[in-house]
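Student: Just a sequence and a predicted model for now, questions to come.
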Amino acid sequence: MIKACYLMRSDGSRPPIIPGDAAGEVPGEKCPYCGVALLVQGDGRRIAADDHAYEADAYCASCRGFCGVIRAEVSTLFGLTEDRAVLYGRLRVY
Ligand SMILES: [Zn+2]
């Protein structure tokens, strides 16, 4: 379950993203490259370094310009790495 989803930009701003089917809407923001109302698509989804969110590179849905990093914070019991191991039954080696 996603608790929060937002865009992390290099200028330090963190506008919220409304997730959609094909792209996420960033209300009130415009693409810095092509100037359209900003819709971002994620590429290269990965687990964040703090293990409590997914992150992906954000690209403008219109011009594919790089717009920052999408961060989706999720509810997790043990951290995403551990949750996935439990959910998918990955063999664990200690
Ligand atoms: Zn654009």
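Tutor: Sure, I can see it. Just so it is clear, the model here is predicted, and its values are computed rather than measured.

Student: Residue 63 reaches residue 31, doesn't it?
Tutor: Yes: counting by C-beta atoms under 8 Å, residue 63 does reach residue 31; the two are 6.5 Å apart. C-beta here means a position set from N, CA and C on the backbone, and glycine is covered the same way.

Student: Provide the secondary structure category for residue 85.
Tutor: Here residue 85 is recorded as helix under DSSP: H, G, I helix; E, B strand; the rest coil.

Student: So between residue 63 and residue 31, which is more surrounded?
Tutor: Using other C-beta atoms under 10 Å as the criterion, residue 63 and residue 31 rank with residue 31 on top: 20 against 13.

Student: quick one: that one from residue 62, how far?
Tutor: 6 Å (C-beta to C-beta, to the nearest Å).

Student: What is the neighbour count of the nearest residue to residue 77 once chain neighbours are set aside?
Tutor: Nearest residue to residue 77, sequence neighbours excluded (C-beta to C-beta, 6 or more residues apart in numbering): residue 83, at 6.0 Å. Neighbourhood size, residue 83 [other C-beta under 10 Å]: 16.

Student: What of residue 26?
Tutor: Neighbour tally, residue 26, other C-beta under 10 Å: 24.

Student: For the chain, which segments count as helices?
Tutor: Shown for the chain, the helices assigned by DSSP state H span residues 80-88.

Student: How about the residues of it by the ion?
Tutor: Listed as neighbours of the ion in the chain under the rule C-beta under 5 Å from the ion: 31, 33, 34, 60, 62, 63, 65.
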